[in-house]
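**Q** Coordinates only, no sequence provided:
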């Protein structure tokens, strides 16, 4: 079975907006535009808060509040979340990015904090990506 590949939450959101009726919802009442939960939907004549996650563990990673959402729709259920969960089996999630962890000392953490305060970078990952680009460019110039 060929499954459609989804590479990001934005792609998943676009897919959901086109296919929500196939998932069991009758209407999008409100797209919450990036706020939690992602959508307020109509299902069986009831309003339900719906959160979309490519993988269910992102629900925990993003620190979502179980009390403020009714249902989770995901592509992969890598952990059980104690709410109604729908897995979209006709999709396959293949991220363009890979999650890694890093350990830094207190001074480095403080420097990253100062860089983020300037609001030029979205998050710590963005800071690290840019630093690696700069270091890589320097390495190439030294050769």
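**A** Alright, I've got the coordinates. Everything numeric in this text was worked out from a predicted model, so none of it was measured.

**Q** C-alpha from now on. contacts and neighbour counts both.
**A** Noted.

**Q** Which residue ranges of this structure form helices?
**A** Under the criterion DSSP state H, the chain carries helices at the ranges 9-23, 57-61, 106-117, 124-142.

**Q** the inter-axis angle of the third one versus helix 124-142?
**A** Right, the one you point to is helix 106-117. 100 degrees (axes from the mean of the first three to the mean of the last three CA atoms, to 10 degrees).

**Q** Against which helices or strands is helix 106-117 packed?
**A** helix 124-142 (3 or more CA pairs under 8 Å, 6 or more residues apart in numbering; DSSP states H and E).

**Q** ok, back up a step: return the member of the helices of the chain having the minimum mean pLDDT.
**A** Sorting the helices of the chain by mean pLDDT places helix 124-142 lowest, at a mean of 86.

**Q** export the helices of the chain to TSV and tack on distance to residue 3 and mean neighbour count?
**A** Formatted as TSV, the helices of the chain follow (distance: least, CA to CA, whole Å; neighbours: other CA atoms under 10 Å):
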stretch	distance to residue 3	mean neighbour count
helix 9-23	13	14
helix 57-61	21	14
helix 106-117	39	12
helix 124-142	30	11
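
**Q** could you dump those to a markdown table with distance to residue 30?
**A** Compiled in a markdown table, the helices of the chain are given as follows (distance: least, CA to CA, whole Å):
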| stretch | distance to residue 30 |
| --- | --- |
| helix 9-23 | 11 |
| helix 57-61 | 20 |
| helix 106-117 | 32 |
| helix 124-142 | 30 |
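
**Q** Those helices: which one's closest to residue 40?
**A** Closest of the helices of the chain to residue 40 is helix 9-23, at 11.7 Å (criterion: CA to CA).

**Q** got a list of contacts for that closest one?
**A** The contact list for helix 9-23, computed with CA atoms under 8 Å, 6 or more residues apart in numbering, reads 6, 26, 27, 52, 53, 54, 86, 88.

**Q** if we can go back for a sec, what's the closest of the helices of the chain to residue 94?
**A** Closest among the helices of the chain, using CA to CA: helix 9-23, at 10.8 Å.
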